[in-house]
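1. Here is my input, please return the structure:
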Amino acid sequence: MPIPARRSNPAIRTRTFTNAAGFTYIGLLVAVVVMGVALSAVGVVWRMQAQREREQELLFIGHDFERAIASYYKAGRQFPQEIDDLLDDKRGPQPAHHLRRFYNDPMTSAQDWNIIRVGVLGITGIASSSKDAPIKKEGFNKDEDAFKDATTYGDWQFVYQPRLRLRRAGAAPKAAD
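-> Numbering: from 1, shown residues only. The predicted model follows:
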């Protein structure tokens, strides 16, 4: 004789499903919280990496400005009066382009550089207008040693200073390249 199939009580089935659904819901909430914390940590790391990349870009652009000012100075023994002079130097028969383009400050994403002038001589350098504290504190090139003690990116000043040489003892100093 066949054994009749046992029927489960519908009340027990509903209660079991409701208990399982409650544990699943709590588990899902815990998973969402853990993912939120993990994404927050990833966001902090990503932000730090992005700032380090902007620092590298600031160093590149600052040295490019410094090289452009040096090139302008060496071409005519005078400093530029405006940034546009670096872009299009019309002092000679052939226009010279000491700087390809006027870069944005990578720390502020705007063309709001602090222009460094020495009296009436003209522009001798640039610096970022950002007041943020730099991440990089060491590992600079030897011409960047002053950047180690910087408290803001504005303290990273890229200035061209021509070296002075003496021809002979007692002779007047001559500007050198």
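2. Quick one: end-to-end length of stretch 99-106, please.
-> 17 Å (Cα to Cα, to the nearest Å).
3. any residues touching it, and which ones?
-> Residues from elsewhere that reach stretch 99-106 (Cβ atoms under 8 Å, 6 or more residues apart in numbering): 54, 57-58, 61, 64-65, 68, 83-84, 86-87, 110-113, 128-130. Placement of C-beta: from N, CA and C, glycine included.
4. Mind giving me the ChimeraX command for buried ones among those?
-> Buried residues among the contacts of stretch 99-106 (16 or more other Cβ atoms under 10 Å), as a ChimeraX selection:
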select :54,58,61,64,65,68,83,86,87,113,128,129,130
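5. What mean pLDDT does whichever strand or helix holds G27 get?
-> Here G27 is covered by helix 10-76, with elements defined by DSSP states H and E. For helix 10-76, mean pLDDT rounds to 88.
6. how about the one residue sitting closest to the centre of the chain, what does it touch?
-> In the chain, the residue lying closest to the centroid (Cα atoms, centre = their mean) is R54, at 1.6 Å. Applying Cβ under 8 Å, 6+ apart, we find R54 in contact with P106, M107.
7. could you say which helix or strand contains the closest residue to D84 other than its chain neighbours?
-> Of all residues not flanking D84 in the chain, F102 sits nearest, at 7.9 Å (Cβ to Cβ, 6 or more residues apart in numbering). Taking DSSP H and E as the definition, one finds F102 inside no helix or strand.
8. Would you mind stating the distance between F102 and D112?
-> Using Cβ to Cβ, to the nearest Å, F102 is found at 11 Å from D112.
9. what do you get for Y160?
-> Computed as Cβ to Cβ, the Y160 to D112 distance reads 21 Å.
10. M48 against E55, yeah?
-> No. Look at M48 against E55 with Cβ atoms under 8 Å: they stay out of range, at 10.5 Å.
11. can you list residues touching both of those two?
-> I135.
12. Show me which of those two is the more surrounded one.
-> E55 (19 against 11; other Cβ atoms under 10 Å).
13. Let me see the contact set for that one.
-> If you count contacts by Cβ under 8 Å, 6+ apart, then E55 has P134, I135, K136, Y153 around it.
14. Excluding sequence neighbours, find me the nearest residue to the third one.
-> With Cβ to Cβ, 6+ apart as the measure, E55 is the residue that lies nearest to K136, at 5.3 Å, once sequence neighbours are left out.
15. In helices, which of the contacts of E55 fall?
-> In helices, defined here by DSSP state H, there are no members of the contacts of E55.
16. and of those residues, the nearest to L121?
-> Y153 (24.7 Å; Cβ to Cβ).
17. No further questions, thank you.
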